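Undergrad: with the sequence up front, the predicted model follows.
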Amino acid sequence: GFKHVFTSPSSVDQVPKATRSGNAKIHGMTSVTPASIAYIATQVRFALSSASAFCRTDTETNSETFYTSTLELFEDPEEQEEVQELLTWWNSKIFPSFSNPTKPIPANSAYSRIKERRAAKKALAASSRPDT
C-alpha cells in the first residue's frame, strides 16, 4: 500500500523499474510521517470495506473520523515511544537511506560534547532555581 502510493507501484518489486518519479520524490518527501501512515491506513481500510465509493464522511467507513483518530493516536504524548519506534521501522522499509535520529551518538564526537554541555547547563539552571 504505502510504496504503491508514495514511491511507485514498481518500487514494491525487488528491482524497481519506474520511469517516472514517485509521489514522495515529487513532493520532497524524505521520511514517513504520521499523516502519511494515517492516509494509507484510511485508503486500505476503505479498500477492504464493501463501500462502493470513497467519501470522507460516508456512514459505512466514516473515513474522516478514522483518519483523525489515527492522527490523534500518533500525537498522544503517552504513545510517543511506540510512535517513534513505528516511524523508525517504516522509514527503514520505505526510505532505506533515511537517517535514524535515534542512532547512538559516538562518544567522542562534537555532537556528543554539545549534548553534554547542554545537559550540564540545563542541570545547573534547574538547581539554581528557587523552589516555589
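TA: Thanks, I have it. All values derive from a computational prediction rather than experimental measurement.
Undergrad: can you report how many residues lie near the closest residue to residue 79 other than its chain neighbours?
TA: Nearest non-adjacent residue to residue 79, counting by Cβ to Cβ, 6 or more residues apart in numbering: residue 73, 6.2 Å away. In this view, the C-beta of every residue, glycine as well, is placed from N, C-alpha and C. Residues within reach of residue 73, counting by other Cβ atoms under 10 Å, total 14.
Undergrad: distance of residue 73 from residue 53?
TA: Noted for residue 73: a distance of 26 Å to residue 53, by Cβ to Cβ, to the nearest Å.
Undergrad: worst-scoring helix or strand of this protein, pLDDT-wise?
TA: Of all helical and strand segments in the chain, the minimum by mean pLDDT, DSSP states H and E falls on helix 2-6, at a mean of 53.
Undergrad: where does pLDDT dip in this protein?
TA: 1-29, 54, 56-61, 96-106, 131-132 (pLDDT under 70).
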